[in-house]
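Peer 1: Dropping a prediction and its sequence here:
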Amino acid sequence: MIEVSNLTKRYGPNRSVEDLSFAVGEGDIMGFLGPNGAGKSTTIRMLAGLSRPTAGNATIAGFDVQSGNAELRRLMGYLPEQGPLYLDMTLDSYLRFMAGIKGVSWRRTKMEMERVTEMLNLKKERRRLLRNLSKGTRQRAAIANALLGQPKVLLLDEPTSGLDPAQINDVREVVRSLEGKCTVILSTHILTEIEHTATRIVILSEGKIAAQGSARELKQAHGSVLTITARGDHEAFDNVLQRFLPGQHDIESVDDGAMRVRHVYKDGIDDTRSHLAAAIIANGLELLELRADAPSLEEIFLRAIGKGREAA
């Protein structure tokens, strides 16, 4: 549904995004992750046809995003970071006006207004002026606008900005309900949003892709984390670690004189764990913990942006 190839945007000598290539399948929800300034909003604006790339290209449903094709505009819903609102309008008049701009028929407009206000829990606010609504409610109104007309592609740039935890959860449920029905790109720097909604993830750092794939693929690619906690002689513990897990280890002091190490590994650790445990005990150390965990999305994110910054 969405194909991005070598997309680049520069402002004079300054690079905003460089050589981005990724694809989003029909009905998929792609999480677009990155720290502030990573190039997420710039990429979204190019996909929405609001900013022309310096190089590369992107297509949505086979249409070049820079073509200005009217059919493409009808297929797409877009929410910028600062949603477009007319504060002197009521929510009803705003949604009716925006539906008209999008070419939604008069008969269908009424049904669409009912649908989106129900989805975003806005039915009680329909006759109120937008300026009198809370910041979070205005943000939900902007999301409702993006959903008008049942777009096949939805571009959401920081959709939960300004929302309280309950409202964030409501929006998360709305996005999750779109899976299989609408192709979504959800741009954010809030990891929990992506973890609970996205079928695929792209992590940006310094304007480049630092990692991409499903959550499962990213966890496999970044390896698991082996946590070892023991009590006893520090030097003996370090010697055992060097035998089985060569390299520099940051041995952390924890409660009751215990020591803890977290080691990232990818393959071939299962046999090593049993030998490591036996060696720790044989060297007079008390083994308190030996646990392997898949890395969290936060750990993957931090590793990815760290590598991206080193490369830049």
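Peer 2: Good, I have the coordinates. Because the structure is predicted, anything quoted here is derived from the model rather than measured.
Peer 1: Show the low-confidence segments of the stretch 151-300 of the chain, by residue range.
Peer 2: Where the stretch 151-300 of the chain drops to pLDDT under 70, the residues are 266-271.
Peer 1: how about the strands in it?
Peer 2: Secondary structure of the stretch 151-300 of the chain (DSSP state E, counting those that start in this stretch): strands located at 153-157, 183-188, 200-205, 208-213, 224-231, 252-253, 258-265, 286-293.
Peer 1: Would you mind telling me which of those strands is nearest Leu7?
Peer 2: strand 208-213 (10.2 Å; C-beta to C-beta). Quick note: C-beta positions are derived from backbone N, CA and C, even for glycine.
Peer 1: in the sheet, who's paired with the nearest residue in space to His263 that is not next to it in sequence?
Peer 2: Spatial nearest neighbour of His263, chain neighbours left out: Leu226 (4.6 Å); criterion: C-beta to C-beta, 6 or more residues apart in numbering. Leu226 has the following beta-bridge partners by DSSP bridges: His263, Ala292.
Peer 1: For Pro53, see how far away Leu226 is.
Peer 2: For Leu226, the distance to Pro53 equals 43 Å [C-beta to C-beta, to the nearest Å].
Peer 1: Next: Gly232.
Peer 2: Computed as C-beta to C-beta, the Gly232 to Pro53 distance reads 59 Å.
Peer 1: Just want to know which of the two has more residues nearby.
Peer 2: In this view Gly232 and Pro53 are compared by other C-beta atoms under 10 Å, and Pro53 has more residues nearby, 22 against 18.
Peer 1: in a helix, that's where that one is, yeah?
Peer 2: No: secondary structure of Pro53 (DSSP: H, G, I helix; E, B strand; the rest coil): coil, not part of a helix.
Peer 1: Could you look up the SS state of Arg74?
Peer 2: Three-state assignment for Arg74 (three-state DSSP): helix.
Peer 1: ok, and the closest non-adjacent residue to it?
Peer 2: Gly103 (6.2 Å).
Peer 1: My read is that Leu122 contacts Ile143, right?
Peer 2: No: contact status for Leu122 versus Ile143: not in contact, 9.4 Å apart, counting by C-beta atoms under 8 Å.
Peer 1: More neighbours: which of these two?
Peer 2: Taking other C-beta under 10 Å, Leu122 and Ile143 do not tie; Ile143 has more neighbours (25 against 21).
Peer 1: ok, residues contacting whatever helix or strand that one lives in?
Peer 2: Per DSSP states H and E, Ile143 falls inside helix 135-147. By C-beta atoms under 8 Å, 6 or more residues apart in numbering, the surrounding residues in contact with helix 135-147 are 77-79, 83-85, 91, 94-95, 98, 115-117, 119-122, 125, 130, 133, 154, 156, 159-164, 167, 170-171, 174.
Peer 1: Which of the residues in stretch 50-63 are classified as buried?
Peer 2: Neighbour counts over stretch 50-63 (16 or more other C-beta atoms under 10 Å) mark Ser51, Pro53, Gly56, Ala58, Thr59, Ile60, Ala61, Phe63 as buried.
Peer 1: er, stretch 243-259 I mean
Peer 2: For stretch 243-259, by 16+ other C-beta under 10 Å, it's Phe244, Leu245, His249, Met259.
Peer 1: Compute the first-to-last residue distance for it.
Peer 2: 17 Å (C-alpha to C-alpha, to the nearest Å).
Peer 1: for stretch 35-53, same thing?
Peer 2: In stretch 35-53, first residue to last residue: 21 Å (C-alpha to C-alpha).
Peer 1: Can you give the contact residues for that stretch?
Peer 2: The contact list for stretch 35-53 (C-beta under 8 Å, 6+ apart) reads 2, 4, 7-9, 16-17, 20, 32-34, 58, 60, 65-68, 72-73, 76, 78, 80-81, 155, 157-158, 185, 187-189, 204-207, 305.
Peer 1: Averaged pLDDT, that stretch. What do you get?
Peer 2: Confidence over stretch 35-53, taken as the mean pLDDT, stands at 91.
Peer 1: Let the chain start at 27 from now.
Peer 2: Sure thing, new numbering starts at 27, so read that last one as stretch 61-79.
Peer 1: Can you list the buried residues in that stretch?
Peer 2: 61, 64-75, 77, 79.
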